[in-house]
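Visitor: I'll drop the sequence and a predicted model, then ask my questions.
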Amino acid sequence: MAISMGGGGEETPMSDINTTPLVDVMLVLLIIFLIAVPVAIQTIEKLNIPVFESIESKDKVENLQLTVSTTDDAGRSAGEPGYQGASRNGDCRVYFNNIAPVDSTQLYERAVGRIDNLIEQAGSVEALVEDPERIPQVHIRGDANAPWRCIAGTIYQVQAAGFPVVGFISNPTEPGI
């Protein structure tokens, strides 16, 4: 740090760099980092995430079984001769009760019909809601290659029809695999 004291007679230019502003900026940056780093490295580590053992769901007659797939690259649907498997770019195919192919309108209408019958058997919506075991579920068997748009469209239609619970059927894996 250079300080000019005046006097001396000769006027010579200062050749030292004034580092005071640089030190001030560095101290401010140091303080900012000391405050910001603990905030930045905070993670949510103390979560109590529930652990569930996978259990097989009880299949009820009231449950709605749907299979979602797509056409193959040649445009063939599942079940047709020569079907090569679901294609990501194929057309969505939904099978009501895993058998009957339906479009989205038919899916909605059949799902509404199914839920209306269950409400009629229960006597009222309130009677159905009082016993949660009687509330039907939708189980979707989705092909692993079916695009999400097909699965999401199916979920939308059945929930719009009144089914509150939608689940997915998967193949269980062997323990340790």
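Guide: Arrived safely.

Visitor: report the buried residues of the one helix or strand Asp116 maps to.
Guide: According to DSSP states H and E, Asp116 maps onto helix 104-122. Across helix 104-122, burial judged by 16 or more other Cβ atoms under 10 Å covers 107-108, 110-112, 114-115, 118-119, 122. To be clear about C-beta, it is placed using only N, CA and C from the backbone, and glycine gets the same treatment.

Visitor: for the following helix or strand past it, packing partners?
Guide: Using DSSP H and E, the helix or strand that follows helix 104-122 towards the C-terminus is helix 125-130. Here helix 125-130 touches helix 104-122, going by 3 or more Cβ pairs under 8 Å, 6 or more residues apart in numbering; DSSP states H and E.

Visitor: could you give me the average pLDDT of the helix it packs on?
Guide: Helix 104-122 carries an average pLDDT of 90.

Visitor: tell me if Met14 really is in a helix.
Guide: No - Met14 is assigned coil when assessed by DSSP: H, G, I helix; E, B strand; the rest coil, not a helix.

Visitor: run a quick neighbour tally on it.
Guide: For Met14, the count of nearby residues is 9 (other Cβ atoms under 10 Å).

Visitor: separation between it and Leu128?
Guide: 90 Å (Cβ to Cβ, to the nearest Å).

Visitor: over to Ile41?
Guide: 51 Å.

Visitor: neighbour count winner among the two?
Guide: Between Ile41 and Leu128, Leu128 has the larger neighbour count (other Cβ under 10 Å), namely 19 against 7.

Visitor: contacts only, for the residue lying closest to the more buried one once chain neighbours are set aside.
Guide: Spatial nearest neighbour of Leu128, excluding adjacent residues (Cβ to Cβ, 6 or more residues apart in numbering): Ala122 at 4.1 Å. Contacts for Ala122 were tallied using Cβ atoms under 8 Å, 6 or more residues apart in numbering; they are 128, 131, 134.
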